[in-house]
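**Student:** Here is my input; please provide its structure:
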Amino acid sequence: MIGTPYGSYVAIGDSLSEGLGDFTFHQTRRYNGWTDRLAGLMALQAAEESRNFEFANLALRGSKIKNIMGSQLDRALELNADLVTVMAGSNDLTASPEKLPALRAVYRDGVRRLLDNGSDVIIANTINPLHLNVFKPLRYRAQRMSELITDLGQELNVQVLDLYGIESFKDLCYWADDMVHFSGHGHVKVANEAASILDLKYRFREAERHERLTPARGLVETIQWVRKDVIPFTQRRFKGVTSGDGMQPKSQNLEPFRPISSPHWEILTN
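**Tutor:** Sure, this is the predicted structure:
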């Protein structure tokens, strides 16, 4: 637990914080993703305690550490929220070893600025990509980045949301069809992990194993995956663009945030 209760929360980060892969993200960006879900739990507790609560989600798909600790950070500092979560590093896994010290310095400076501004901060390390054998070459890079982020958390005395240590993420049911974003079940689990750090009263109900659908990974589905997700990603990398180019964050201002009534938002008392 850190300095709860909070009256405002801002999320900065990449596509995982934006919410891609959640149950209804294809219908609306709002109310999807672990950060929006965490905001919902915080808002519910605030309402029970007759407190105001506001939220903004500045995260954007494709963002790297320099983007997140650049324009996103600047806006977060302007909003001056009580709590800021940072999820960065997944889009920097392929950075060469000689670039890591500079990336660490950028990350550290960003967190330091948030702390100096008076915000409490939670930083998330990266996932351990054990769910597909084809991702095996990335495992050392993910470990390296997660250790960098965890070390920063210890140095700056900020809480670390340990995605790398969630062993259940080996199960495909926690992954969307594109295999790189959390499924709705994954977003629920991460939201609950963050809620535990904050010692919140509420959690999302996590589906039983028989309720969680696993994406099919047969030959046909794998070929479709390569065509739909792998090739476009490779083309973007070759062109030096990201999936977030030309897009805006889904919410750039602090606004009242209230949980919604939905089968995918089943909230329980912890």
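
**Student:** how about the residue nearest to I149 when sequence neighbours are not counted, what does it touch?
**Tutor:** Spatial nearest neighbour of I149, chain neighbours left out: N125 (4.2 Å); criterion: CB to CB, 6 or more residues apart in numbering. Any C-beta I mention is one placed from the backbone N, CA and C, and that applies to glycine too. Contact partners of N125, counting by CB atoms under 8 Å, 6 or more residues apart in numbering, are 89, 145-147, 149-150, 160-164.

**Student:** Those residues, buried ones only, as a PyMOL selection?
**Tutor:** Filtering the contacts of N125 down to the buried ones (16 or more other CB atoms under 10 Å) takes a single PyMOL command:
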select buried, resi 89+145+146+149+150+160+161+163+164
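
**Student:** Report the two of the contacts of N125 separated the most.
**Tutor:** Within the contacts of N125, E147 and L161 form the most distant pair, 14.7 Å apart (CB to CB).

**Student:** Quick check, pLDDT for I2.
**Tutor:** Predicted confidence (pLDDT) for I2: 69.

**Student:** Helices along the stretch 1-150 of the chain, start to end?
**Tutor:** 15-18, 34-48, 65-67, 73-79, 100-116, 139-156 (DSSP state H, counting those that start in this stretch).

**Student:** Give me the contact list for the first one.
**Tutor:** So the one you mean is helix 15-18. 11, 29, 33-35, 57, 59-63, 85, 87, 90, 181-182, 190, 243-244, 249-250.

**Student:** quick one, what contacts the residue found closest to I12 once you drop the neighbours it is linked to in the chain?
**Tutor:** Leaving out its chain neighbours, the residue that sits closest to I12 by CB to CB, 6+ apart is Q72, at 4.2 Å. By CB under 8 Å, 6+ apart, the contact list for Q72 reads 12-13, 58-60, 63, 249.

**Student:** can you list the residues you listed in TSV and add neighbour count and pLDDT?
**Tutor:** Formatted as TSV, the contacts of Q72 follow (neighbours: other CB atoms under 10 Å; pLDDT from 0 to 100):
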residue	neighbour count	pLDDT
I12	28	98
G13	28	98
L58	27	98
A59	30	98
L60	24	97
S63	29	96
P249	21	94
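
**Student:** Mind checking which of the residues you listed land in strands?
**Tutor:** By the criterion of DSSP state E, membership of the contacts of Q72 in strands covers 12-13.

**Student:** Switch the helices of the stretch 1-150 of the chain over to TSV; also include mean pLDDT and distance to L254.
**Tutor:** Formatted as TSV, those follow (pLDDT from 0 to 100; distance: least, CB to CB, whole Å):
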stretch	mean pLDDT	distance to L254
helix 15-18	97	16
helix 34-48	96	11
helix 65-67	97	21
helix 73-79	98	5
helix 100-116	98	15
helix 139-156	97	24
